[in-house]
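Asks: how would this look folded up:
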Amino acid sequence: MADSLAVDRNGARPWLAAYPPGVPAAIDVERLGTLVDLIERSIAAYADRPALISFGKSVSYRELGASADCVSAWLGSLGLAKGDRVALMMPNVAAYPAALLGVLNAGCTAVNVNPLYTPRELIGQLEDSGARILFVLENFAHTVAEALPKLPRLERVVLVGPGDCLGLKGKVIDFASRYVKRAVPHFQLSPTVTTRFDAVLRAGRRLPRHRVAVSPNDLAFLQYTGGTTGIAKAAMLTHRNIVANVEQSRAWFQVSGGDGRRRTMVTALPLYHIFALTACFFFFLGTGGCCLLIANPRDVNGFVKTLAKSRFTHLSGVNTLFNLLLNHPKLHEIDFSGADGYHIAGGMAVQAAVAGKWKAATGKALIEGYGLSETSPVVSINPVDLQEWSGTIGYPVSSTDVAIRSADGRDLPFGEPGELCVRGPQVMAGYWNRPEETRAAMTPDGFFRTGDVATMSETGSIRIVDRMKDMILVSGFNVYPNEVEDVLAKHPSVLECAVVGARCEEGEMVVAHVVIKGETVAADALKAHARSQLTGYKVPRRIVFHDSLPKTNVGKVLRRALREPDEA
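Replies: So this is what the prediction gives:
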């Protein structure tokens, strides 16, 4: 059986033979340095290039570096030491990259916070991380004001304006009511704990340049994860983890920052999420590219309007985001002719119906990849010259080992489903203050257990079957929600859907939660459609119709929110 294993006892890696020409089997992790080194090299090499575009305004590498220097000098003046945690609670506005790079320059650890958090969620994350400083977009300061009495370790709150770093002083930018539920004036924070971001920049300009020596093994991020299945916990990501993943991506896409080609990535997923943080921000800035920041992709009308008047070469998103664009009546106004770079999808499974419609609408295949917060995030990617969506998550990137294993830790043959396990320089250092969970997540031979069920082909390509926790057991047979959802999504009346299990007399049954478009459709019609392509036990026994489905901040459907109370 040894020659049929995903990674056999001799370390065979079948995917290497399928690598695109020029992609190395391994990267030299030791020469990479830190994120501070990465960005400083880019600021020096590409000083006059645009690093960011936000609300129609461009920020050069030189300007971004100057703002980051001000932030790091200000943090140093407050006495923050190496390893102190600083939280960032912002959507994709220009101040976020400036604040983030300043935090890293100061030797601190960044804690990304979803700005849509409730006070309870915010308290939990800031108390768990021990953050001393919080940068927050002023639109969300009402949440901080409510939480502040229960945050004794939080020393200072920095209020950020949407136009900060853009020369839009005093201009209030509308984020649309779907994104911000309260207007700016609805916060009240004590001036003794509050500083405006523009005051931080002014103070920083008067202070000496502040740099703290960091090593590749120092913590760059506490990246909280819980996603669709559980309680949030923080993955400890080192400078080495992120820089290695940037280099793995550079090797895969074979990008040279010195080629002079203008590359602009549509960055609609929030930078506080690991996908956009690494695959858009650090990768593009590390290679001389530009990030077109979309502050609120939920405002799909505004999103489409921005794309229609922008020049971009690359696009990234999740399945629900691509589906949202495909169903917008003004999609035809977006000029995709210049978007000759890759259109990459990750974060959740891409549905065949969405992939097919995207290729038809734009002429570009969706390049699907796979990753997690715990892996910085990229584990595998499809070849960049893919002409048609493959239905797989591609091949492991350089210096990455992947194994498909049974519940008792055995390596499984090609084609047999098991838990996807990953080993490489991008795998986290562990979970913050959770040694038992860290031990449970790692195998004795150093693989991270992803919790995803996958298969591997003989060429080394990986196909995700589903999350282990989401699998439904029907009369002793395994049903994977992704498969049922993929079938339902092909029905012309289905806009989006999610499949979960529910208890019944026989054990579990399949329940489909559906959002329809256009005219109503009968539940029996959807069941008949499913029955035409699925064996009987996989067909949903119950169809539940919704106006919308609950989602995470990046658009993943929250299956656990759709389960019955005793199933969640």
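Asks: Relative to the helix or strand encompassing H513, what are the paired strands and their orientations?
Replies: H513 is part of strand 507-516 when elements are defined by DSSP states H and E. Strand 507-516 has its sheet partners listed here by DSSP bridges as strand 494-504 (antiparallel), strand 542-545 (parallel).
Asks: Report the buried residues of the last one.
Replies: Using 16 or more other CB atoms under 10 Å as the test for burial, strand 542-545 gives I543. Where C-beta positions appear, they are placed from N, C-alpha and C, glycine not excepted.
Asks: got the contact list for that strand?
Replies: 502, 509-516, 523, 526-527, 562 (CB atoms under 8 Å, 6 or more residues apart in numbering).
Asks: Show me what the helix or strand bottoming out on mean pLDDT in the chain pairs with in its sheet, parallel or antiparallel.
Replies: Among the helical and strand segments of the chain, the one scoring lowest on mean pLDDT, DSSP states H and E is strand 477-479, with a mean of 81. Here strand 477-479 is paired, per DSSP bridges, with strand 472-474 (antiparallel).
Asks: chain center to the strand it pairs with, what's the gap?
Replies: 29 Å (CA atoms, centre = their mean, to the nearest Å).
Asks: and it, which residues are buried?
Replies: Buried, per 16+ other CB under 10 Å, within strand 472-474: 472, 474.
Asks: For that strand, give the mean pLDDT please.
Replies: Regarding strand 472-474, the rounded mean pLDDT is 86.
Asks: what stretches of the protein score poorly on pLDDT?
Replies: For the chain, applying pLDDT under 70 flags the ranges 1-11, 168-188, 226-231, 256-261, 476, 565-568.
Asks: On the C-terminal side of the longest helix seen in the chain, identify the next helix or strand.
Replies: Longest helix of the chain, by residue count under DSSP state H: helix 61-77. The C-terminal neighbour of helix 61-77 among helices and strands, as given by DSSP H and E, is strand 85-89.
Asks: Buried residues, the longest helix of the chain. List them.
Replies: Across helix 61-77, burial judged by 16+ other CB under 10 Å covers 61, 63-76.
Asks: Backbone torsions only: list them for the residue of the chain most remote from its centre.
Replies: Ranked by distance from the centre of the chain (CA atoms, centre = their mean), the top residue is E505, with 39.0 Å. Per-residue torsions, E505: phi -60, psi -30 (degrees, to the nearest 10).
Asks: what about it, distance to R434?
Replies: 39 Å (CB to CB, to the nearest Å).
Asks: Equivalent analysis for P270, please.
Replies: Taken as CB to CB, the span from P270 to R434 is 24 Å.
Asks: Ok, P216 next?
Replies: According to CB to CB, P216 and R434 sit 23 Å apart.
Asks: Now do the same contact list for V111.
Replies: 85-88, 125-126, 129, 131, 221-222, 224, 234.
Asks: Same check on V158?
Replies: 99, 133-136, 194-197, 200 are the contacts of V158 under CB under 8 Å, 6+ apart.
Asks: Tell me the strands beside whichever strand or helix holds it, with direction?
Replies: Using DSSP H and E, the element containing V158 is strand 156-160. Strand 156-160 has its sheet partners listed here by DSSP bridges as strand 133-137 (parallel), strand 194-196 (parallel).
Asks: Report the angle between that strand and helix 61-77.
Replies: Interaxial angle of strand 156-160 relative to helix 61-77 (axes from the mean of the first three to the mean of the last three CA atoms, to 10 degrees): 160 degrees.
Asks: Might you calculate how far strand 156-160 sits from the centre of the chain?
Replies: Using CA atoms, centre = their mean, the offset of strand 156-160 from its chain centre is 25 Å.
Asks: From here on, call the first residue 812.
Replies: Sounds good: first residue 812 from here, last item strand 967-971.
Asks: What residues sit buried inside it?
Replies: Going by neighbour count (16+ other CB under 10 Å), the buried part of strand 967-971 is 967-971.
Asks: And stretch 1368-1378, by the same measure?
Replies: Buried residues in stretch 1368-1378 (16+ other CB under 10 Å): 1368-1371, 1373-1374.
Asks: Could you single out the nearest of those to G1158?
Replies: Of all those, G1158 sits closest to V1368, with 11.1 Å by CB to CB.
Asks: Assumed F951 was part of a helix.
Replies: Yes: judged by DSSP: H, G, I helix; E, B strand; the rest coil, F951 forms part of a helix.
Asks: Need the residues that contact stretch 847-862.
Replies: For stretch 847-862, using CB under 8 Å, 6+ apart, the contacting residues are 843, 869-876, 879, 908, 912, 915-916, 1022, 1025, 1050, 1054, 1057, 1068-1069, 1075, 1093, 1096-1099, 1101-1102.
Asks: In strands only, show me those residues.
Replies: 869-871, 1075, 1101-1102 (DSSP state E).
Asks: Of those, which pair is most distant in space?
Replies: Maximum distance among the ones in strands among the contacts of stretch 847-862 (CB to CB): 13.8 Å, for S871 and T1075.
Asks: Quick check on those two: which one has the bigger neighbour count.
Replies: Higher neighbour count among S871 and T1075: T1075, with 21 against 17, using other CB atoms under 10 Å.
Asks: Pretty sure the more buried one sits against L1118.
Replies: No: the criterion here is CB atoms under 8 Å, and T1075 misses it with L1118 at 11.3 Å.
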